[in-house]
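In: pasting a predicted model and its sequence here:
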Amino acid sequence: MIAARRVAGKLGGLLLTLFLASLLVFFSRFLVPGDPVQFLLRGRKPSPEAVAEVTAMYGLDLPPWQQYLNWVTGVLHGDFGRSLQFRQDVTTVIGDRLPVTLMLVVMAGTMIAVVGIAAGALAAVSQGRALDRAVLIGLTILGAIPSFVGSIVLIAVFAVQLGWFPSFGAGEGFFDQLYHLVLPATALAIVFTVLVGKVTRSAMVEQLDREHVEVATSRGIRRGTVVRRHVFRNALWPILTVSGLLVAGLLVASSIVEAAFGLAGIGSLLVQSVDRLDFPVVQAIVLLIVTAFVLVNAVVDVLEPWIDPRTAAGAGAR
Amino acid sequence: MIRSTAPRSLALAAGIAASALALSACAPAAPADGPVEWELTETTADPSGDIDSFSWASYAEPFSLDYAYAFDYADNQVLANVCESLLRLNPDYTLGPGLAESWENPTPTTSVFTIRDGVTFHDGTPLTAADVVASLSRHLDPAVGSFWYSVYQNVVSIEQTGDREVTVTTAVPDVQFALSMGGSAGVIESAAALAAAGADYGNSTGGVNCTGPFELAEWKSGESITLTRYDDYWDPELAARAGEVEFLFMTDANARVNALKSGDVDGSWMIPPASYRQLQDSSDGDLYFGLTSAVSSLVVSDLEGPLGDLRVRKALLMALDRQGIVDAAAEGVGEVTDVLTTESVWGAADDATRTTAFDDIESYPYDVEAAKALVEEAGAAGGEIVIATAPLGPDVTMLAQATAAAAESIGLTATIETVTPGAYTALFSDPSAREGIDLFYTNWYLSSPDPLEMYSVLRTGEFSNYGGWSDPEFDEIVTAASGMKDAEERNAETAKAQQIANEQLPWLPIYTAPMSVFVGERITGVAPSIAFLYYPWAATVGAR
């Protein structure tokens, strides 16, 4: 009952957020200097009739609110309009590029979770000792490497010098794609791994000092079990919260990595489209990222009571 | 017909900042001793045989393969192998028969093309005069919004006037129309294919159906375009030596150079100058420099400001260390020039004409003291100028800084205004974007073997006469030349126009740099020339 009401409440909030986001995403384009029609003609000398025709073709002659209504109606039908730069349906343009980005984000996400949590947990259980310090210093150094620098170094070492991995492209077929995406996913994962590692460490350290951990330990339960059941499980909530936030970060940061590795994903497409005033594509991608972000966080929110029983109890008492 | 580097540099820009960093990190730093040595190459060694396939890196994905929008390096380098024009622009910039086996101007306002027999489109259907009329007429359709409209601005009718004959009539004498038919403005597509594809014509879904030595096999958007040999191609001279060509879009300059070095990609046009030395030393292939039609110059976009005084324009040009700019921006691969055209576009011009155009002109040697004196004489000391630039590439940035420094050195006050690449492109089309801007950089190339193409845009009131420069004598000469059928006569007049532009400096010519191409160790047979935009250059590439 509580759970159902909770989900319904979340859903309402989610729809409201998406609606507000759509307004922001659409109307912000009117704040950007530059005329989309001029872009369409890319600085060429058009005939005046062509300017009028092209303006009408893309509905740019309508008042902004009407353009918004047309756009939203289209979006609800899965139609994001036509790309100005590719002269193609936005859904086709994005659909062609989405799989690469999704795979990249999933691979990077897995790396982040595995390496970040492992490093954080390792540091936490060896708190104060040399290993802890070593992990912390290692994380701090990695955290200072921007994605584009990471990409350059990875390409220089593993693609050009050692020749172990390809330096560009996304490959064909699942396993070839996995292989092609190892370096880009690593480049993308570095900074976020540090974040997750540090959050994991501090959350677990906090739990380790808790009374119930001491009680469990004093009862003679094995250390490994205590860490798993009492420490890690309770520390999972902050880790998940951070991970939810990372999703949007990953999608946005992928643009840099995709450009460096010559991957045709939506990240590089976004950068390219902003540069070329390709509003329909920019709007679609931003809306997509906002939606992914809002959805992931809603899911994390809904999952909270299952992960952390105390939250459910608290909600019930309200 | 003519365009700026803006779109090209845009793509180059992405990786350039990072590339300097990376190259110094991963390669043994090349000693930066003096400029790169270079010479012009007309053609590379003939292939030893056919090759199954080769790959080619492009700095960007084509926006479209619709010839009406093929207006940039990325689009045209692919399209040139797939779609053919009425005339063919050869690597040496001569114009020969293409899908039209002959053409003439019976009067200065009519161009008559005789359409070749025995040509088929990639779907097997034969080429007809109706296809020619349909293809050319698209440029007049406002709904298409053709980028090549300026070629067609004087056209009043395009009609089939015989079984295999098409006649184009212009409102005013315009012999340049026919000369432009070797470029994308003259591409012929099947009328049936145009009708069938509709709005998707030329994009990655709709594709194209033309007559070139290669046909479009696959377009993986964002990634690659694959062409395969068209076995029923009409011209045995240019039958493709390769079974397949794969164009890979590599927007990151560093990634592109890495792929060339590692042999992952067989070749690429337009190598970032920063990696000339590295690729020249590479044992994995050869770097060549070929014919160009482009001149890098500074457009004077405000003649109301200090640069309205000719003495100040001259002074600024003299205060620019142009050889230093060539060394810094192009690794020394290029030549300082005082005129806005390269010799390559002067085709059959005779010695006398060439002397008028390239020798009997004013030169502007680097002389800061003389320049300072000119500014003082003009009473322009302390005058303020604004130079627009954008993060497009090292050449653009460097030139803006060098120009600002030069202006300051002669007593002017210079401000660099950095705008986004998109806003920079707008400088070339939108007068309001040029407000408050005195100077901006362009690398302007010609698409026809006719220098008049350059000077016709500098006439009073022309779209690309960005500063609103006006010289009645110049206008008269250029307009008269536009109606001259005889190339010799026309060139002689154009040479006079070149002299006036050289003397009046509506744009400040800086330098001209050759077209670069890298060819990997597997392949050979490419003709290094900017004609790769319109000539089926990939057809002659085979096994080394």
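Out: Sure, I can see it. As the structure is a prediction and not an experimental result, all values here were calculated from the model.

In: only C-alpha atoms from now on, for both contacts and neighbour counts.
Out: Noted.

In: any idea which element the residue in the stretch 351-500 of chain B positioned nearest to chain A lies in?
Out: Per CA to the nearest CA, B:S429 is where the stretch 351-500 of chain B lies closest to chain A, at 4.5 Å. Following DSSP states H and E, one finds B:S429 outside all helices and strands.

In: tell me the phi and psi of it?
Out: Here the main-chain torsion angles of B:S429 (degrees, to the nearest 10) amount to phi -130, psi -30.

In: then B:T494?
Out: When read as degrees, to the nearest 10, the backbone of B:T494 gives phi -60, psi -30.

In: check what pLDDT the closest residue to it other than its chain neighbours gets.
Out: Nearest residue to B:T494, sequence neighbours excluded (CA to CA, 6 or more residues apart in numbering or on different chains): B:L452, at 5.8 Å. Here, the pLDDT recorded for B:L452 equals 93.

In: can you tell me how far the residue of the stretch 351-500 of chain B closest to chain A is from B:F463?
Out: Distance of B:S429 to B:F463, given as CA to CA, to the nearest Å: 8 Å.

In: when these two are compared, which one has more neighbours?
Out: B:S429 (21 against 18; other CA atoms under 10 Å in any protein chain shown).

In: tell me which helix or strand B:D46 sits in.
Out: Going by DSSP H and E, B:D46 is not in any helix or strand.

In: wait, it touches B:G525, no?
Out: Yes - the pair B:D46 / B:G525 is scored as a contact, 4.9 Å apart, by CA atoms under 8 Å.

In: those two: who's more crowded?
Out: B:G525 (21 against 15).

In: can you name the residues that contact that one?
Out: With contact set as CA atoms under 8 Å, 6 or more residues apart in numbering or on different chains, B:G525 has these partners: B:43-47, B:540-542.

In: out of those, which are close to chain A?
Out: Among these, no residue is within reach of chain A (CA under 8 Å from any CA of the partner chain).

In: what's the neighbour count on A:V215?
Out: A:V215 is flanked by 11 other residues according to other CA under 10 Å.

In: so which bits of the host helix or strand of it are buried?
Out: Counting by DSSP H and E, the secondary-structure element that holds A:V215 is helix A:211-218. Under the neighbour-count criterion of 16 or more other CA atoms under 10 Å in any protein chain shown, helix A:211-218 has A:213, A:216 buried.

In: what mean pLDDT would you report for it?
Out: The model assigns helix A:211-218 a mean pLDDT of 74.

In: same check, this time on stretch B:193-200
Out: 92.

In: what of stretch B:82-100?
Out: So the average pLDDT for stretch B:82-100 ends up being 94.

In: check the offset of it from the chain's centre.
Out: 16 Å (CA atoms, centre = their mean, to the nearest Å).

In: equivalent analysis for stretch A:260-278, please.
Out: With CA atoms, centre = their mean, you get 15 Å for stretch A:260-278.

In: could I have the CA atoms of it written out in CSV?
Out: Listed next in CSV are the C-alpha coordinates belonging to stretch A:260-278 (Å, rounded to 0.1, in the frame of the first residue of the first chain):
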residue,chain,number,x,y,z
ALA,A,260,38.4,11.1,-29.0
PHE,A,261,37.8,7.6,-30.1
GLY,A,262,35.8,8.4,-33.2
LEU,A,263,32.6,6.7,-31.9
ALA,A,264,29.3,7.7,-33.5
GLY,A,265,27.3,8.0,-30.3
ILE,A,266,24.8,10.5,-29.1
GLY,A,267,27.4,12.3,-27.0
SER,A,268,29.5,13.4,-30.0
LEU,A,269,26.3,14.0,-31.9
LEU,A,270,25.1,16.4,-29.1
VAL,A,271,28.3,18.5,-29.3
GLN,A,272,28.2,18.5,-33.1
SER,A,273,24.5,19.5,-33.1
VAL,A,274,25.0,22.3,-30.6
ASP,A,275,27.7,23.7,-32.8
ARG,A,276,25.6,23.5,-35.9
LEU,A,277,22.4,24.9,-34.4
ASP,A,278,20.7,21.7,-35.1
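
In: in it, what counts as buried?
Out: Neighbour-count burial for stretch A:260-278 flags A:260-270, A:272-273, A:275-278 (criterion: 16+ other CA under 10 Å).

In: same question for stretch B:396-414.
Out: So, applying 16+ other CA under 10 Å, buried residues of stretch B:396-414: B:396-397, B:399-414.

In: isn't there a helix covering A:Y68?
Out: Yes - A:Y68 sits within a helix when classified using DSSP: H, G, I helix; E, B strand; the rest coil.

In: circling back to that earlier point, which residues does the helix holding A:V215 contact?
Out: A:207-208, A:223, A:226, A:230-231.

In: overlap in contacts, B:D46 and B:G525.
Out: Common neighbours of B:D46 and B:G525 (CA under 8 Å, 6+ apart) are B:G542.

In: neighbours around B:D264, how many?
Out: Per other CA under 10 Å, the neighbour tally for B:D264 reads 17.

In: where does it land on pLDDT?
Out: 86.

In: now it: how far from chain A?
Out: The gap separating B:D264 from chain A is 8 Å, by CA to the nearest CA, to the nearest Å.

In: so how far is A:F165 from that residue?
Out: 11 Å.

In: what strand or helix carries the residue of the stretch 201-318 of chain A at minimum distance from chain B?
Out: Closest to chain B within the stretch 201-318 of chain A is A:A264: 4.7 Å, counting by CA to the nearest CA. A:A264 belongs to no helix or strand when elements are defined using DSSP H and E.

In: not counting sequence-adjacent ones, nearest residue to it?
Out: A:A264 sits nearest to B:G222 (CA to CA, 6+ apart), 4.7 Å away.

In: the one you found is in contact with B:F63, isn't it?
Out: No - assessed by CA under 8 Å, B:G222 is found out of contact with B:F63, at 10.1 Å.

In: using the three-state scheme, assign the nearest residue to A:P146 once chain neighbours are set aside.
Out: Nearest non-adjacent residue to A:P146, counting by CA to CA, 6+ apart: A:V191, 7.2 Å away. At A:V191 the chain is in helix, as set by three-state DSSP.

In: ok, A:V191 - contacts?
Out: Counted by CA under 8 Å, 6+ apart, A:V191 has contacts A:142-147.

In: now B:Q176
Out: Here B:Q176 is in contact with B:450, B:453, B:482 (CA under 8 Å, 6+ apart).

In: kindly report the same for B:E488.
Out: Counting by CA under 8 Å, 6+ apart, the residues that B:E488 touches are B:348-350.

In: could you rerun that using 10 Å?
Out: If you count contacts by CA atoms under 10 Å, 6 or more residues apart in numbering or on different chains, B:E488 has them with B:346-350, B:353, B:494.

In: check which helix or strand it maps to.
Out: helix B:487-504.

In: which SSE is immediately downstream of that helix?
Out: With elements assigned by DSSP H and E, the helix or strand that comes after helix B:487-504 is strand B:507-512.

In: and that next one, how far out from the chain's middle?
Out: On CA atoms, centre = their mean, the centre of strand B:507-512 falls 15 Å from the chain's centre.

In: helix or strand next in line after that strand, which one?
Out: strand B:515-520.

In: residue of the stretch 51-200 of chain A with the smallest distance to chain B?
Out: Counting by CA to the nearest CA, the stretch 51-200 of chain A gets nearest to chain B through A:F86 (5.0 Å).
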